[in-house]
Each structure stands twice: as structure tokens, then as C-alpha cells.
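> need a 3D model of the sequence below.
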Amino acid sequence: MSSRPGAHGRDPKSTRPVIKRATRHLGEVRLIGGLYRGRKLPVPDRPGLRPTPDRVRETLFNWLGQNLDGWRVLDAFAGTGALGFEAASRGAAEALLLELDTPQVASLRASRERLGAEAVKIERAEALRWMAGAAAQRFEAVLLDPPFDAGLGAAAAEAAARLVVPGGFVYLEGPAPLAETPPGLVLHRSLRAGAVHAQLWQAPA
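Numbering: from 1, shown residues only. Coordinates of the predicted model:
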């Protein structure tokens, strides 16, 4: 006997109606500066998805500068895309968002269309593998917010270090600061906000 719900949407072994699960949205994250200031990005209920807190994002772009005109920026673990869209909002010529989760890639593309964010490019890719094969010194900034429980921070920062131009930046969020500075970088700024530790390194000019 099949356990598939019947024609009226009920499980034959239960009196409870079967509820079709859609992607559930936990909320929204608001862009805080630039062209798209005040516009919102959805935060779906996806495994490991944790948007950068507003306070941390605001501090990061105070560190980088409010005007990123002409910058090429990589948001390597895009998630909601808050970091990449924020960079595009502040004038980045290219904001490349990498995301492996297929439904989230679709959500990012929908956000790009809704905002008309032509500078935002989206690729479905595994971030570490993509960075390992990318050309050196391609970006002014690489922004890293890997899943907190994945232990990818050190490997991601090291992979990102060779991708930035002289004077460029590598940013990392994680549950703890890295004990060692990635090769070829110098610590520029750091902060702790609740459970989030953020570090910004710079490649020597």
C-alpha cells in the first residue's frame, strides 16, 4: 500500500492534513547604504544560512569606505547576498556572488532582477574550488562569510589572499578569530559583535 497522500491531501495513516512545504522565509535583511539603501533581501529557511548582522555590515563598509566605485568584489559564500549587493549598492563595477545551494541561487537571481542590479553576477559554485581556479589579483575585495560550523575560515582566507590586488582587502566572519594571519596579508581591522568575529586584512600595496 502506498504511503503517498490521497487525492484530498490527507495521509491515509493519519487524520491530519498533509501540508506541502514551501521555502519558508525567516525574514528579510535590509541594505544599509548606497543606491539600494532601504531595499530588502529575503532570508529563506535554508541550512546554514545566517545573514551578516546589520551592525557588522555597517562597520565593514565604514572600514572599506562608502564609495567603492570601480571595485571588483567577490562575495564567496553569498547566502542572502547581503555583502555582495551592499558592495554593488556602493558603486562596485562587479560584485560576483558564489553560492552552492540551488534554491538560494534562484533567490539571489530574483533579487538581482528586482533591484535591477546589473553589476551583480551570480554563479552556482563551491567557493573554495572556484577560488583555487581563479586568476590571481582579480579583485579589490574578497568577502567571506562561510557557514559557522564548517571550519572553512582559514582555508577560505588563504585562498582569497592571492585573488586580491596589491592594496586589496580580504574580509572574514566566523565564530572565532583566526589565530594566524593568512600568508601575504596584514591585519587591518577586527571586531567582535556577539557571537560574530570579523577580521579585515589588506594586501601590501
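> need phi/psi at the nearest residue to R90 once chain neighbours are set aside.
If the residues on either side of it in the chain are set aside, R90 comes closest to G34, at 4.0 Å by C-beta to C-beta, 6 or more residues apart in numbering. Placement of C-beta: from N, CA and C, glycine included. Backbone torsions for G34, taken as degrees, to the nearest 10, come to phi 80, psi -160.
> now swap in L185 and tell me
Backbone geometry at L185, expressed as degrees, to the nearest 10, gives phi -120, psi 160.
> so the nearest residue to it once chain neighbours are set aside versus E180, what's the distance?
Of all residues not flanking L185 in the chain, W201 sits nearest, at 3.7 Å (C-beta to C-beta, 6+ apart). With distances taken as C-beta to C-beta, to the nearest Å, W201 is found 11 Å from E180.
> residue boundaries of the helices in this structure?
Here the chain has its helices, by DSSP state H, at 54-64, 82-89, 102-115, 127-133, 153-161.
> report the contact partners of L152.
By C-beta atoms under 8 Å, 6 or more residues apart in numbering, the contact set of L152 is F77, A127, L128, P146.
> quick check, nearest of those residues to A195?
P146 (14.5 Å; C-beta to C-beta).
> run through this protein and note the low-pLDDT ranges.
1-26, 45-50 (pLDDT under 70).
> just the strands from it, written as ranges.
Assigned by DSSP state E, the strands in the chain fall at 25-30, 40-44, 72-75, 94-99, 120-124, 139-144, 164-174, 186-193, 196-202.
> would a markdown table of the ones you listed with mean neighbour count and distance to L60 be doable?
Converted to a markdown table, these look like this (neighbours: other C-beta atoms under 10 Å; distance: least, C-beta to C-beta, whole Å):
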| stretch | mean neighbour count | distance to L60 |
| --- | --- | --- |
| strand 25-30 | 13 | 14 |
| strand 40-44 | 18 | 16 |
| strand 72-75 | 27 | 11 |
| strand 94-99 | 26 | 14 |
| strand 120-124 | 19 | 18 |
| strand 139-144 | 26 | 8 |
| strand 164-174 | 21 | 6 |
| strand 186-193 | 14 | 9 |
| strand 196-202 | 20 | 7 |
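> and of those strands, who's closest to T59?
Closest of the strands of the chain to T59 is strand 186-193, at 5.9 Å (criterion: C-beta to C-beta).
> where's the most centrally placed residue in the chain relative to R124, distance?
The centroid of the chain falls nearest to A78 when counting by C-alpha atoms, centre = their mean (2.5 Å). To R124, A78 is 10 Å away according to C-beta to C-beta.
> overlap in contacts of those two?
The contact lists of A78 and R124 share L98, E99, where a contact means C-beta under 8 Å, 6+ apart.
> and H197, what does it touch?
Counted by C-beta under 8 Å, 6+ apart, H197 has contacts E173, G174, P175, A176, P177, S190, L191.
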